[in-house]
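Asker: no sequence on hand, only this structure:
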């Protein structure tokens, strides 16, 4: 995250020295040599998968009974969903593909968020006993009040931070393990709100699911209300307030989560977060019930009903109700059978019916093609 802080020497309040380490033992040495039980880490990466993997690595490998850590990180444009969410109901997957915006599923709960370089992420690591989200949010609100007293900021019972009583500038999520915990929150500094609105909308109609839904809220950026607020000033204030709140004297330390020698095993964690099985396959079981509007090259039209059951991101059952005079029932049954066992993915569905399309011709092929297009659209 080279652009996160341009003037590393500007960090104050016990964090004027910014360290860089490369060797496999340096992280352990840093912990052992620190005169504080707290650390402030600043990720050099802007890759969402690398930064989420770094969170996992710290949670799995650092003794958080003895050490508390604040990790500060930013990402290139990305959408991040909670562990128990359904991506097809939370985000506009086609729009994201067109814009080259990746989707990531984090290991904590909570709702869906849009990340870009105008959004700062803060992760507070501590023991399970030390888990206190309101105290963590107090670090953020007190830091903002310190540098911009005119900003009316407050934390809510839902662990959001609001500006002027109703505009959201921060949302939270957390993960508790047997002995450790982490709580992460966003902080909107100068995010692209038009992109946020474009991607945070459903991909597919007619989904019925018990997945955790996001709660929409009006949002704003800090720079919309404090135009002179720079990244350096914000990060300096947050680091200082973290030390003040918890009695630490932590220096800010740059880290690169792509360095396997420093974080052994982090590459495997990143690969898992990248995988389809994690991102889509971990979606709670859901069903799809929707209407498909069909046509063919001769402008004949009809409506069809689609009923699907999806488990682990894979189509478990498929029923297509299509008038027999529009498409023979043998083809309808064959198509349903071809789709069962495939991923709930438009591209996979299109590939699955390719053989069927080749076996037909004329009007039937045209109608199968349009039906396939409608199915692909329904799957986002």
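Answerer: Everything's here; your move. Predicted model only: the values in this text are computed from it and were never measured.
Asker: wait, residue 96 sits on residue 79?
Answerer: Yes. Using C-beta atoms under 8 Å, residue 96 and residue 79 qualify as a contacting pair, with a distance of 6.2 Å. Bear in mind the C-beta positions are built from the backbone N, C-alpha and C, glycine included.
Asker: can you list residues touching both of those two?
Answerer: Overlap between the contact sets of residue 96 and residue 79, as judged by C-beta atoms under 8 Å, 6 or more residues apart in numbering, is given by 102, 103, 199.
Asker: nearest to residue 295, of the residues you listed?
Answerer: Using C-beta to C-beta, residue 199 comes nearest to residue 295 of those, at 29.2 Å.
Asker: how close does residue 65 sit to residue 37?
Answerer: Relative to residue 37, residue 65 is positioned 10 Å away (criterion: C-beta to C-beta, to the nearest Å).
Asker: tell me the domain boundaries of this protein?
Answerer: 8-279, 286-378 (automatic domain parsing).
Asker: mind telling me which of those domains the model trusts least?
Answerer: When the domains of the chain are compared on average pLDDT, domain 286-378 comes out lowest at a mean of 87.
Asker: so which of residue 96 and residue 79 has more stuff around it?
Answerer: residue 79 (25 against 22; other C-beta atoms under 10 Å).
Asker: can you list phi and psi of the more buried one for me?
Answerer: Dihedral pair for residue 79: phi -110, psi 130, per degrees, to the nearest 10.
Asker: for it, give the beta-bridge partners.
Answerer: Under the criterion DSSP bridges, residue 79 forms beta bridges with residue 103, residue 114.
Asker: list the contacts of the most centrally placed residue in the chain.
Answerer: Within the chain, one residue has its C-alpha closest to the average C-alpha position: by C-alpha atoms, centre = their mean, that is residue 80, at 0.9 Å. When the contact criterion is C-beta under 8 Å, 6+ apart, the partners of residue 80 are 48, 52, 103, 104, 105, 106, 112, 113, 115.
Asker: what does residue 63 give?
Answerer: In this structure, residue 63 makes contact with no residue, judged by C-beta under 8 Å, 6+ apart.
Asker: element containing the closest residue in space to residue 344 that isn't next to it in sequence, please.
Answerer: Of all residues not flanking residue 344 in the chain, residue 310 sits nearest, at 4.7 Å (C-beta to C-beta, 6 or more residues apart in numbering). Element membership for residue 310, per DSSP states H and E: strand 301-311.
Asker: what segments of the stretch 151-300 of the chain are strands?
Answerer: 153-155, 161-163, 167-170, 172-176, 180-188, 207-209, 252-255, 286-295 (DSSP state E, counting those that start in this stretch).
Asker: closest to residue 363 out of those strands?
Answerer: Among these, strand 286-295 comes nearest to residue 363, with 12.0 Å by C-beta to C-beta.
Asker: that closest one: how far from the chain's middle?
Answerer: For strand 286-295, the distance from its own C-alpha centre to the chain's C-alpha centre is 27 Å (C-alpha atoms, centre = their mean, to the nearest Å).
Asker: tell me which element residue 369 falls in.
Answerer: Secondary structure assignment for residue 369, by DSSP H and E: helix 362-378.
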